[in-house]
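In: could you work out the structure for the sequence below:
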Amino acid sequence: MVWRFLKHFGMNKATGVLEDFTAAVVAFDPETASRAQIDMMQAELHKLGRRLAEAEAEVRREHEETAALRRTYEEYLKAAQMLETKLREEENGQTRAEIETSLTKVITKLEQLKPEIEREEQEDQEVEAWRAELRRSFEELGEKLRQSQSELTTAKRQLEMARLRKERAEVQDRRAREAAGVTGSISALSVALDAMNQQTAKLRAESETLKLKTGLFQTEQLESDPHFAAALTAARGTAGKEKKSLSERLAALNGRSAPHHLSAAE
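Out: As a prediction, the model looks like this:
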């Protein structure tokens, strides 16, 4: 039994072990514990919890045994007192001797039980204090582990949020670069189209000028031909100088055909 073992082991040694455990619990920093440390400590704490529960059940049984021993002592003491009273009242010598023998046995037993019961009660008090301190440290460590678990969960959630924010920022940055690239491409395309349009207009203007120059050049080439020039001069000299006859002119005024024989010379 664990508490009997503690009694035999020595409460001083047991107290030293408990103090070491308590100091370790106090020194444990839940903010700096790693996941591996927490998992390991939780596993060990779970085992310790089972053993502690079993030990506490055992100490309750020992307390009950001590209490039963105390009740037996009280009953024996009461019986001894009754025998003492009866012994004083008894007048028969043989009966008095028998009562005295019985009373002697009871008193002897009570004298044996008293220091044993007192020792058991004292040890029970010490063990109970030891158990209470162990339970307190156990619960404190459990609370620290829960705090560590909570802080790790919070840190994990914050890390995940930071990762998501980073990913969103990267996506936004990529989209911004893509948009800037599209905008730049559109601007470059617009510039290229403007240049093409300007070049086309320039070529078109140069083409029209060339056509005019070519036509003029060809006309100059025709007029430099002597035969063509003479014919052109004759055509230009006769055109517009041909006169109508008087009959034709009068007929034009009257809206009829003029006689063929009437002329302007006549």
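In: need the contact list for residue 192.
Out: Residues in contact with residue 192 (C-beta atoms under 8 Å, 6 or more residues apart in numbering): none are found. Just so you know, the C-beta spots here come from the backbone N, C-alpha and C atoms, and that holds for glycine as well.
In: tell me which element it falls in.
Out: Using DSSP states H and E, residue 192 maps to helix 93-223.
In: for the record, mean pLDDT for stretch 252-262?
Out: The average pLDDT within stretch 252-262 is 61.
In: do stretch 58-68 as well
Out: 85.
In: so which bits of it are buried?
Out: If you call a residue buried by 16 or more other C-beta atoms under 10 Å, then stretch 58-68 has these buried ones: 58-59, 62-63, 66.
In: in helices, which of these fall?
Out: 58-59, 62-63, 66 (DSSP state H).
In: what pLDDT, on average, does the helix holding residue 192 get?
Out: Rounded mean pLDDT across helix 93-223 is 77.
In: over to stretch 44-54?
Out: Stretch 44-54 comes out at a mean pLDDT of 75.
In: in that stretch, what's buried?
Out: By neighbour count on 16+ other C-beta under 10 Å, the buried set for stretch 44-54 is 45, 48, 52.
In: got the domain boundaries for this structure?
Out: According to automatic domain parsing, the chain comprises the domains 2-168, 226-259+262-266.
In: list the contacts of residue 138.
Out: Counted by C-beta under 8 Å, 6+ apart, residue 138 has contacts 45, 48-49, 52.
In: from residue 57, how far off is it?
Out: From residue 138 across to residue 57, the span is 15 Å (C-beta to C-beta, to the nearest Å).
In: check residue 100 too.
Out: Distance of residue 100 to residue 57, computed by C-beta to C-beta: 45 Å.
In: which of the two has more residues huddled nearby?
Out: Taking neighbours as other C-beta atoms under 10 Å, residue 100 and residue 57 compare with residue 100 leading, 14 against 10.
In: give the contact list for the closest residue to that one other than its chain neighbours.
Out: Leaving aside its chain neighbours, residue 100 sits nearest to residue 87 (6.0 Å; criterion: C-beta to C-beta, 6 or more residues apart in numbering). Listed by C-beta under 8 Å, 6+ apart, the contact set of residue 87 reads 96, 99-100, 103.
In: and those, which of them are buried?
Out: 99, 103.
In: now the contacts of residue 87 in JSON lines, please, with extra columns for distance to residue 144.
Out: Formatted as JSON lines, those follow (distance: C-beta to C-beta, whole Å):
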{"residue": "96", "distance to residue 144": "70"}
{"residue": "99", "distance to residue 144": "65"}
{"residue": "100", "distance to residue 144": "65"}
{"residue": "103", "distance to residue 144": "60"}
